[in-house]
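Here is a sequence together with a model predicted from it:
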Amino acid sequence: MPISWRSSATAFEQILGRHGVAEGACTMEAAWAAFEEFVQVPVEGIERSADEVDAFIVAWGVWDWTGNRPALSLGRLLTVNEYGDRQDPYWQPLYWKVEFQACFAEDPAWADLYISGGGDTGFDDAAIGKPRADALAATRRFIDQDPLLSALWRSAPVEIEVTLERAG
């Protein structure tokens, strides 16, 4: 059943809860299973003609907004069409991002993450269904094959958060 883009963070939190993800009780395996389910749910109120209408991304790094702690982010970008005058020749849709962010405790193993600053997989806008499942599987293989990412993946987050924020 489709969800409204405005309630997408709440829907994601509910899916995370069904997978047993909660503050102090989170594994990245459970968060990933919830993310796989969430990004397969159709969303209402998004622009169907824009690039990256509905895309997902995995990002990692050490950022000031994570208290300079290592973090992994599972995000879904939505191109929202509900704002402004669509007759305006300069009208453009807005981008919103639903994001699950997991922060990790300090560990000497993350030293390379501090040096590199992090990275991301890039946005993947494969269609919901089998194309998206295949893209998610490829992303997961990438994570498993990267030594730093796979080490973070096996660690327990010390803090998690779901947000819906305007992107870009």
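Cool, the structure landed.

So the residue most central in space within the chain: helix, strand or coil?
Nearest to the geometric centre of the chain sits residue 75, at 1.4 Å (Cα atoms, centre = their mean). Using DSSP: H, G, I helix; E, B strand; the rest coil as the criterion, the local structure at residue 75 reads strand.

Next, the contact list for it, please.
Residue 75 makes contact with 56-59, 97-100 under the criterion Cβ atoms under 8 Å, 6 or more residues apart in numbering. Backbone N, C-alpha and C define where each C-beta goes, glycine included.

Apply 10 Å and report the result again.
Contacts for residue 75 (Cβ atoms under 10 Å, 6 or more residues apart in numbering) come out as 35, 39, 55-59, 97-101, 120-121, 123, 163, 165, 167.

before we move on, what about residue 158?
By Cβ under 10 Å, 6+ apart, residue 158 lies in contact with 23-24, 26, 69, 102-106.

Go through these and flag which are in strands.
102-103 (DSSP state E).

Mind putting the contacts of residue 158 into TSV with distance to residue 44?
Output for the contacts of residue 158, formatted as TSV (distance: Cβ to Cβ, whole Å):
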residue	distance to residue 44
23	29
24	33
26	29
69	35
102	28
103	31
104	34
105	39
106	41
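
Of the contacts of residue 158 - the most surrounded one?
Using other Cβ atoms under 10 Å as the neighbour test, these are led by residue 102, with 26 neighbours.

what about the nearest residue to that residue once chain neighbours are set aside, which SS state?
Nearest residue to residue 102 in three dimensions, chain neighbours excluded: residue 157, at 3.7 Å (Cβ to Cβ, 6 or more residues apart in numbering). Residue 157 falls in the coil class when you classify it by three-state DSSP.

which ones are touching residue 157?
By Cβ under 10 Å, 6+ apart, residue 157 lies in contact with 21, 23-24, 26-28, 31, 69-72, 100-105.

Check residue 122 too.
55, 57-59, 139.

element containing residue 162, please.
strand 159-167 (DSSP states H and E).

what helices or strands is the longest helix along the chain leaning on?
Ranked by number of residues, the top helix in the chain under DSSP state H is helix 130-145. Counting contacts by 3 or more Cβ pairs under 10 Å, 6 or more residues apart in numbering; DSSP states H and E, helix 130-145 packs against helix 28-38, strand 54-62, helix 147-154.
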